[in-house]
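Peer 1: Sequence and predicted model, in that order:
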Amino acid sequence: MLAVFVFAASWHHTRTPARLALLAVASGSFLLALLTPRAWRPVEAGIDRIVRLLLAGLTMGLLGVVFVLIFIPARLVLGLVRSDPLKRSFALGRESYWCPLKRADGNGERRFETEF
């Protein structure tokens, strides 16, 4: 209903054929949904599919841009600095990458008072 009012106001402001067509489509869709909801269901399902596909494409595009602009340069900088935050060095003869944790200082309940 809001779309009908928006298109009506915009058509009243500048009368172009495109705005008149949008007003007609919005008005027809509103009346179809209002008067015969059963006939509107397939139209709504088609619109939902199209919107989902558009949003999936937009999401993948934005994630690709973020990956290329943030993660790849960050990895290149870490490689140039020779920094490995995960400390992925593997000594021969060891069975895994597992590094044992340092023992906490103190015993009993006192060590939980100063965890960090």
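Peer 2: Yep, that arrived. Numbers count the residues shown, from 1 in each chain.

Peer 1: Name the helix or strand of this structure that has the lowest mean pLDDT.
Peer 2: Averaged element by element with mean pLDDT, DSSP states H and E, the chain has its least confident helix or strand at helix 2-13 (a mean of 68).

Peer 1: CA-only coordinates of the following helix or strand past it in CSV, if you can.
Peer 2: Once the chain leaves helix 2-13, the next helix or strand it forms, by DSSP states H and E, is helix 17-35. What follows is helix 17-35, C-alpha atoms only, in CSV (Å, rounded to 0.1, in the frame of the first residue of the first chain):
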residue,chain,number,x,y,z
PRO,A,17,5.3,7.0,-18.6
ALA,A,18,7.7,4.9,-16.5
ARG,A,19,6.2,6.3,-13.3
LEU,A,20,2.7,5.7,-14.6
ALA,A,21,3.6,2.1,-15.4
LEU,A,22,5.1,1.6,-11.9
LEU,A,23,2.0,3.1,-10.4
ALA,A,24,-0.2,0.7,-12.4
VAL,A,25,1.9,-2.3,-11.4
ALA,A,26,1.9,-1.3,-7.7
SER,A,27,-1.9,-0.6,-7.7
GLY,A,28,-2.7,-3.9,-9.6
SER,A,29,-0.5,-5.9,-7.2
PHE,A,30,-2.1,-4.2,-4.2
LEU,A,31,-5.6,-4.9,-5.4
LEU,A,32,-4.7,-8.5,-6.4
ALA,A,33,-3.2,-9.2,-2.9
LEU,A,34,-6.1,-7.5,-1.2
LEU,A,35,-9.0,-9.0,-3.1
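
Peer 1: tell me what helix 17-35 is packed against?
Peer 2: For helix 17-35, the packing partners by 3 or more Cβ pairs under 8 Å, 6 or more residues apart in numbering; DSSP states H and E come out as helix 2-13, helix 37-66. Heads up, the C-betas are built off the backbone N, CA and C, glycines and all.

Peer 1: what angle sits between the last one and helix 17-35?
Peer 2: To tie it back to what came earlier, the one meant is helix 37-66. Relative orientation of helix 37-66 versus helix 17-35 (axes from the mean of the first three to the mean of the last three Cα atoms, to 10 degrees): 120 degrees.
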